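J.: Sequence and predicted structure are below.
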Amino acid sequence: MGYGGTYWSRRPDAEATAQAALYRQLTPVVERLLERHLSLTKEWFPHRMVPWSQGRDFELDWQWTNAETEVTKGARSALFVNLLTEDNLPYYTLALDHSFGVDNGPWGEWGRRWTSEEARHSVAIRDWATVTRTLDPVALERARMAQVGRGWFPGFAGGVADGLVYVTLQELATRVAHRNTGQAIEDPSGRAILTQVAADENLHFLFYRDLATEAFALDPSGMVEAAERMVRSFEMPGTGIPGFTQHAYSIALAGIFDLGIYHDSVLAPVVTRHWKIEALEGLTPAADSAREALVTHMGTIRDAGARFAELRAGTRPATARAGPVSPTAPAAAAAAALQ
């Protein structure tokens, strides 16, 4: 289908024409980055990493309690959110199809490869969490049904530019979340699985980051405007998980993922240092305004993260308003955090 099969390409306007042109220009880059990815990725098998000898049957009247595991509450919340995020894979693939097409060329080949690699993550994490009884399997299954049944997918179907910005930030944020969760777990098998998953996510991030970098070179103004839109409205895929707000707060209190980490480990390395947003020249007036808004918003996120870190460390008065602590709530809400 090529770009003719994407959601945005069916719009008869100038923006869709520009997106189609960007798509065509980037196609050789996708092919090159896919070849690089395939040369770097390593085959691995979830069944070899799960400690099956720790498993036992679940009796019909068995009920999970905290006594089943020594994993902390914050790390359990992170595992719960991370796993259910991975479970929602069908809708992320749908979002990629809407933005990048489902052809038999490099765009489609990448989308299918990405999907197959991502599918291993939920298998490995769920098998480990079930065998070790780290998470309540009943609550987990009910939440999976609710999350997948909701049908949420990222709102970047407007075109290639928005999609590239979103998936770059999301893949890096996911890598950081998995890595930090693994570091918060003492069990060596669980830590190994999350380290492997984070390694996969890192390769996905590098693919999207470098593809987006090429897009910035081709259409800097369009990409800056896309970056401002996506950072302002950014939501991680787990936003709709039942009890998400409580889990997000628990994850932030544990220092696994919060606004400060989002700014320092995701936004600043990519938007500021790699894409060099502030140094771009020759932007249109609209893009220049978008860049100013983006820089201001990133500063707000940074400051909110710093205030929450003070609250967590006990150096900020306990009466201070906590506000949003995670970018998994809409980033626009984060602008009002900790006022």
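T.: Structure received. Numbering: from 1, shown residues only.
J.: And the helix or strand harbouring T296, what does it pack against?
T.: T296 belongs to helix 285-313 when elements are defined using DSSP states H and E. Packing contacts for helix 285-313, counted by 3 or more CB pairs under 8 Å, 6 or more residues apart in numbering; DSSP states H and E, involve helix 220-232, helix 244-253, helix 259-262, helix 331-334. Where C-beta positions appear, they are placed from N, C-alpha and C, glycine not excepted.
J.: Which among those is found nearest to G305?
T.: helix 259-262 (2.8 Å; CB to CB).
J.: Which helix or strand in the chain has the lowest average pLDDT?
T.: Least confident helix or strand, the chain: helix 331-334 with a mean of 37, by mean pLDDT, DSSP states H and E.
J.: number of nearby residues for E35?
T.: 11 (other CB atoms under 10 Å).
J.: host element of it?
T.: Judged by DSSP H and E, E35 forms part of helix 14-40.
J.: Next, the angle helix 220-232 makes with that helix.
T.: 80 degrees (axes from the mean of the first three to the mean of the last three CA atoms, to 10 degrees).
J.: Show the average pLDDT along helix 14-40.
T.: The predicted model assigns helix 14-40 a mean pLDDT of 91.
J.: what's the following helix or strand after that helix?
T.: Downstream of helix 14-40 (by DSSP H and E), the next one is helix 46-49.
J.: Which strands or helices does that next one pack on?
T.: helix 106-131, helix 188-218.
J.: buried residues in the last one?
T.: I take that to be helix 188-218. By 16 or more other CB atoms under 10 Å, the buried positions in helix 188-218 come out as 190-194, 196-216.
J.: Stretch 216-225 now?
T.: F216, D219, P220, S221, G222, M223, V224, E225.
J.: okay but the first one is in contact with A226, surely?
T.: No: F216 lies out of contact with A226 (CB atoms under 8 Å); the separation is 9.7 Å.
J.: For the residue located most distally from the centre of the chain, I want the exact helix or strand it lies within.
T.: Going by CA atoms, centre = their mean, the residue of the chain most distant from its centre is D61, 36.8 Å out. D61 is part of no helix or strand when elements are defined by DSSP H and E.
J.: A177 and L79 touch, don't they?
T.: No: applying CB under 8 Å as the test, A177 and L79 come out as separate, 10.2 Å apart.
J.: which residue is nearest the centroid of the chain?
T.: So for the chain, CA atoms, centre = their mean, it's Q170, sitting 2.8 Å from the centre.
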